[in-house]
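> with the sequence up front, the predicted model follows.
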Amino acid sequence: MNKSALYPLTVFLLAGSLFAADPFPFAGTWKLNITKSKFRGPNKPPKELTMVIQEQGDQGVQTNKGVAADGSPISSKFTVSRTGGELKYLEGGPPAGTSIVLAKMKADARSADFTTMRDGRVIGTSHAVLSDDGKTITSTVKGTDAQGKAFETVDVFDRM
């Protein structure tokens, strides 16, 4: 996986948590707060990133649009069951052989853990939490890139 693909991967890792709650507090438009977010390792922050999250029955639909650090576009759209399972991409997606699965829902419905695998091997985990006031999502993502280099991001998204 090249470095420009790493940041979008953190967005994909965040996705599982966004469809966890009932009622659906994650629905809405979210903008990455780059100044509050932290990037360690080979990940470079994007220039901008917006997520739109919609509820459609027992599924959530997430659309990501933005500009990567190198100026390339970030664009993806996928669905995931609110009860867990693998993300289904409608547009964009991670590199071939990579799957992202909502692994565990938390009892409080404002947080979730999930796992990203590549060729059957875990390459990343994420823990995401919606703030009590419903205005901020904070996601801690840890993993390794294709060269075995560790990365960690703390992505902070503000509700728009």
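Received the coordinates, thanks.
> any low-confidence regions in this structure?
Along the chain, segments meeting pLDDT under 70 span 1-24, 101-108.
> strands along that one, start to end?
Ranges of strands in the chain, per DSSP state E, are 28-32, 38-40, 48-56, 59-67, 73-81, 85-86, 88-91, 98-105, 111-118, 121-130, 136-144, 150-159.
> including mean neighbour count, could those strands go into TSV?
C-beta: built from backbone N, CA, C; applies to glycine. Converted to TSV, these look like this (neighbours: other Cβ atoms under 10 Å):
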stretch	mean neighbour count
strand 28-32	19
strand 38-40	14
strand 48-56	17
strand 59-67	19
strand 73-81	17
strand 85-86	14
strand 88-91	12
strand 98-105	18
strand 111-118	20
strand 121-130	19
strand 136-144	21
strand 150-159	19
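> surely residue 66 meets residue 49?
Yes - counting by Cβ atoms under 8 Å, residue 66 touches residue 49, with 3.5 Å between them.
> which neighbours do these two have in common?
32, 74 (Cβ atoms under 8 Å, 6 or more residues apart in numbering).
> if we look at stretch 30-41, which residues are touching it?
Stretch 30-41 is touched from outside by 45-46, 48-53, 66, 137, 145, 149-160, with contacts defined as Cβ under 8 Å, 6+ apart.
> would you mind writing the CA trace of it as PDB?
Only the C-alpha atoms of stretch 30-41 are listed here, as PDB (Å, rounded to 0.1, in the frame of the first residue of the first chain):
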ATOM      1  CA  TRP A  30     -18.700  15.800   9.400                       C
ATOM      2  CA  LYS A  31     -15.500  17.700   8.600                       C
ATOM      3  CA  LEU A  32     -12.100  16.600   9.600                       C
ATOM      4  CA  ASN A  33     -10.600  19.000  12.100                       C
ATOM      5  CA  ILE A  34      -6.900  18.800  11.000                       C
ATOM      6  CA  THR A  35      -5.600  21.000  13.800                       C
ATOM      7  CA  LYS A  36      -7.100  18.800  16.500                       C
ATOM      8  CA  SER A  37      -6.200  15.500  14.700                       C
ATOM      9  CA  LYS A  38      -2.800  13.800  15.200                       C
ATOM     10  CA  PHE A  39      -0.800  11.800  12.700                       C
ATOM     11  CA  ARG A  40       2.200   9.600  13.700                       C
ATOM     12  CA  GLY A  41       4.200   7.500  11.200                       C
END
